[in-house]
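Student: pasted the sequence and its predicted model underneath.
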Amino acid sequence: MELRHLEYFLAVADTGSFTRAARALHVVQSGVSATVKALERELGSALFDRSPHAVTLTAAGRAFLPRARDTLSAASAAKDAVHRTQGTLQGEVTVGTLTSIDVTDLPELLSAFRDRHPAVTVRLRAASAGSAGLARQLRDGQLDVAFLSLPGPAPAGLDTRLLATAPLFLYVPRAHPLAGTGRVSLAQLGEFPFVDSPRGFGNRVLVDRAFAAAGVEREVTLEVADIGTAAHYIRAGLGIGFLSRFLVGDHTGLDVLEVADHELRWQLTVATAANRRPGATTEAFLDLLRERNPVPRELTGR
């Protein structure tokens, strides 16, 4: 068994496709298929169920997955140890990011990281399934580090550090019946349609929990994955929604209300998997982030 066998197996497991795995590895698909089959022969068990429509892990594949990740992680750590004796840091770090969240000025951070560690490749993965999806990818080993906006304490299996917090306010169109009232209770909002993120996104989790605690049902009639665009839909009269002020650059046509009976506070954290020691490249990324954001910030908006 070679490390290449494990790398190809993980690529297929992570992408759910031999074709996508080959594309990610920059090799031909036949090479990926042959390597995985050789690994299966050595193990004496099929690792994937193959069909024309999907490639999924077998029970053996699911059992093998975390061990394969641990083995590659250990090999990477061994390389890091050698590189550190040479005074250079090499390798890569995979970072999960959120859309429309520029609290950390990620481009500037990555530019500074490249200047400090030019031999390290940074791979960014956007939050297609929100913070909940990023948390799963961290636990599964698909990410080294991620920015999360899930409320409350750290999710199970993750270590987190708070970077920023911000209160959420209710945004409504200027022509809305609630416009001009200044403060509202959650009970007053159940009859109105909402614009919000899909389930699993941090701000959606926060607001859903608040309404559940208040015993109030609400209907989200429009879901937008890029929360930074939500104000445009609210302004157009398609619903009301909770947003942090720093996300809304133009308040034209909008009225902002406070919630009287519940504190809605959004938070941004940086997270790593609790069951894996961060590699040298991840530690370097976290060190630079700590320099740029030594203490949590309170975001007051624009």
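Tutor: It's in. Residues are numbered from 1 along each chain as shown.

Student: need the longest strand for this protein.
Tutor: Ranked by number of residues, the top strand in the chain under DSSP state E is strand 158-173.

Student: so which elements touch the helix or strand immediately after it in the chain?
Tutor: Downstream of strand 158-173, the first helix or strand assigned by DSSP states H and E is strand 183-184. Counting contacts by 3 or more C-beta pairs under 8 Å, 6 or more residues apart in numbering; DSSP states H and E, strand 183-184 packs against strand 254-259. All C-beta atoms are positioned from the backbone trio N, CA, C, and that covers glycine.

Student: now with 10 Å?
Tutor: strand 158-173, strand 254-259 (3 or more C-beta pairs under 10 Å, 6 or more residues apart in numbering; DSSP states H and E).

Student: adding distance to Leu289 and mean pLDDT, write the ones you listed out as TSV.
Tutor: Below are those laid out as TSV (distance: least, C-beta to C-beta, whole Å; pLDDT from 0 to 100):
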stretch	distance to Leu289	mean pLDDT
strand 158-173	8	95
strand 254-259	31	96
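
Student: let me know which of these is tucked in deepest.
Tutor: Comparing the helices and strands packed on strand 183-184 by mean neighbour count (mean count of other C-beta atoms under 10 Å), strand 158-173 ranks first with a mean of 20.

Student: partner strands of that strand and their direction?
Tutor: Strands that pair with strand 158-173, judged by DSSP bridges, come out as strand 241-244 (antiparallel), strand 254-259 (antiparallel), strand 265-273 (antiparallel), strand 297-298 (parallel).

Student: select, out of those, the one closest to Ala214.
Tutor: strand 254-259 (9.9 Å; C-beta to C-beta).

Student: need the contact partners of the closest one.
Tutor: By C-beta atoms under 10 Å, 6 or more residues apart in numbering, the surrounding residues in contact with strand 254-259 are 167-176, 178-186, 188-189, 207, 210, 214, 231, 234-235, 240, 242-243, 245, 248, 264, 301.

Student: keeping just the C-alphas, turn it into PDB.
Tutor: Extracted C-alpha coordinates of strand 254-259, given in PDB (Å, rounded to 0.1, in the frame of the first residue of the first chain):
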ATOM      1  CA  LEU A 254     -35.400  49.900   4.300                       C
ATOM      2  CA  ASP A 255     -36.300  50.400   8.000                       C
ATOM      3  CA  VAL A 256     -34.400  48.800  10.800                       C
ATOM      4  CA  LEU A 257     -36.100  47.500  13.900                       C
ATOM      5  CA  GLU A 258     -34.800  46.000  17.200                       C
ATOM      6  CA  VAL A 259     -36.200  42.900  18.800                       C
END
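
Student: distance between that strand and the chain's centre?
Tutor: Relative to its chain's centre, strand 254-259 lies at 28 Å (C-alpha atoms, centre = their mean, to the nearest Å).

Student: what does stretch 194-206 give?
Tutor: Centroid separation for stretch 194-206 versus its chain: 14 Å, with C-alpha atoms, centre = their mean.

Student: just stretch 267-277 next, same as before
Tutor: Using C-alpha atoms, centre = their mean, the distance from the centre of stretch 267-277 to the centre of the chain it belongs to is 11 Å.

Student: okay, buried residues for that stretch please.
Tutor: For stretch 267-277, a neighbour-count test (16 or more other C-beta atoms under 10 Å) marks Gln267, Leu268, Thr269, Val270, Ala271, Thr272, Ala273, Arg276 as buried.
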